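A.B. asks: Below are the sequence and a predicted model for it; my questions follow.
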Amino acid sequence: MLEGKIAVITGSTDGIGLAIARALAAQKASIMLNGFGDPASVEALRKELSEQHGVKVAWSSLDLAVGTQATELIEAATREFGHVDILVNNAGTQHKSPIDKHPMNKWDLVLALNLTAPFQTIRAVLPQMRERNWGRIINIASIYGLTGGYDRSSYVASKHGLVGLTKAVALETAGSPITCNAVCPGDVSTRIFYKTAKDMSLRDNIPREEAIRRVAATNMPSGNAVAPAQVAALVEFLCSPAASEVRGSAMSMDGGWLAR
């Protein structure tokens with residue numbers, strides 16, 4: 001479906017971003033990975049993706065929270081591949097503390113990576129998408145982009161901002177074959193989720209499977225966490241022709257979180 005397309009996926013050396021990279025590579029898109037990690041391990045991952053799916057895969061370790069490095073990522077991908085067709089803004093971070101104890105440097109970091117970096121990448125990529133008359137911009141927001149949350153003011157603010165940015169860009173591109181949408185997952189079964197479950201299992205002396213269910217059920221009425229591959233499948237759909245008139249949506253994948 002995406003043969004000949006070039007996808008830049010931020011924060012894609014692990015977790016949700018890596019699942020998205022695997023899904024789009026399976027559809028024959030070439031991939032620019034971005035994120036931190038041991039260079040040898042990331043090189044092995046890059047080679048694996050390329051050989052498994054027969055596509056070109058590159059990697060950039062640019063830190064998108066710093067200065068103009070988010071813009072530089074688009075420039076690097078354009079030099080490497082010639083152009084960019086798909087942009088997935090996935091990189092993110094959070095800091096948990098009450099607002100009156102929230103350090104200003106953590107606020108600045110969360111807003112820089114979660115909101116300013118997507119602004120920069122979109123700003124940089126949009127002219128070439130318009131020139132090529134096709135593009136997909138997908139922002140991985142969060143359920144906290146649609147609701148509030150305790151002790152995470154910077155994260156909630158940044159993700160609400162990212163949903164707003166999505167809607168603004170969708171309107172600016174509405175008359176073209178370029179779409180912009182957001183995906184808003186609830187709790188996702190990444191390393192952080194499993195660490196929380198492991199800690200609960202040890203603390204409460206309960207089986208690991210029960211701890212996983214309890215952690216998920218804290219927010220998710222289904223009692224199940226969202227799998228990274230499920231988020232990736234939704235991104236894959238948003239890149240497809242079937243989603244050409246899905247514009248400015250903030251699509252929740254939350255196990256019933258917002259249905260209560």
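C.D. replies: Arrived safely, thanks for sending. Residues are numbered from 1 along each chain as shown.
A.B. asks: Run the chain-centre distance for the lengthiest strand in the chain.
C.D. replies: The longest strand of the chain (DSSP state E) is strand 178-185. Relative to its chain's centre, strand 178-185 lies at 10 Å (C-alpha atoms, centre = their mean, to the nearest Å).
A.B. asks: Which elements pack onto it?
C.D. replies: helix 117-132, strand 135-140, helix 153-172, helix 228-238, strand 250-253 (3 or more C-beta pairs under 8 Å, 6 or more residues apart in numbering; DSSP states H and E). The C-beta positions use only the backbone N, C-alpha and C, and glycine is treated the same way.
A.B. asks: Looking at the ones you listed, which is nearest to E43?
C.D. replies: helix 228-238 (21.6 Å; C-beta to C-beta).
A.B. asks: and the nearest residue to K56 once chain neighbours are set aside, how many neighbours?
C.D. replies: Excluding the flanking residues, the one nearest K56 by C-beta to C-beta, 6 or more residues apart in numbering is S30, at 4.3 Å. S30 has 26 neighbouring residues, counting by other C-beta atoms under 10 Å.
A.B. asks: Pipe the helices and strands packed on strand 178-185 into CSV and attach mean pLDDT, distance to A23 and mean neighbour count per row.
C.D. replies: Converted to CSV, these look like this (pLDDT from 0 to 100; distance: least, C-beta to C-beta, whole Å; neighbours: other C-beta atoms under 10 Å):
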stretch, mean pLDDT, distance to A23, mean neighbour count
helix 117-132, 98, 20, 19
strand 135-140, 98, 12, 26
helix 153-172, 98, 20, 20
helix 228-238, 98, 4, 20
strand 250-253, 98, 14, 19
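A.B. asks: okay, those in a markdown table with distance to Q52 next?
C.D. replies: Shown next, in a markdown table, are the helices and strands packed on strand 178-185 (distance: least, C-beta to C-beta, whole Å):
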| stretch | distance to Q52 |
| --- | --- |
| helix 117-132 | 26 |
| strand 135-140 | 22 |
| helix 153-172 | 31 |
| helix 228-238 | 15 |
| strand 250-253 | 26 |
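A.B. asks: among the ones you listed, which is nearest E48?
C.D. replies: Here helix 228-238 is closest among the helices and strands packed on strand 178-185 (C-beta to C-beta), at 16.3 Å.
A.B. asks: What are the neighbouring residues in contact with the residue nearest to K56?
C.D. replies: Taking C-beta atoms under 8 Å, 6 or more residues apart in numbering, we find S30 in contact with K5, I6, A7, V55, K56, V57, F81.
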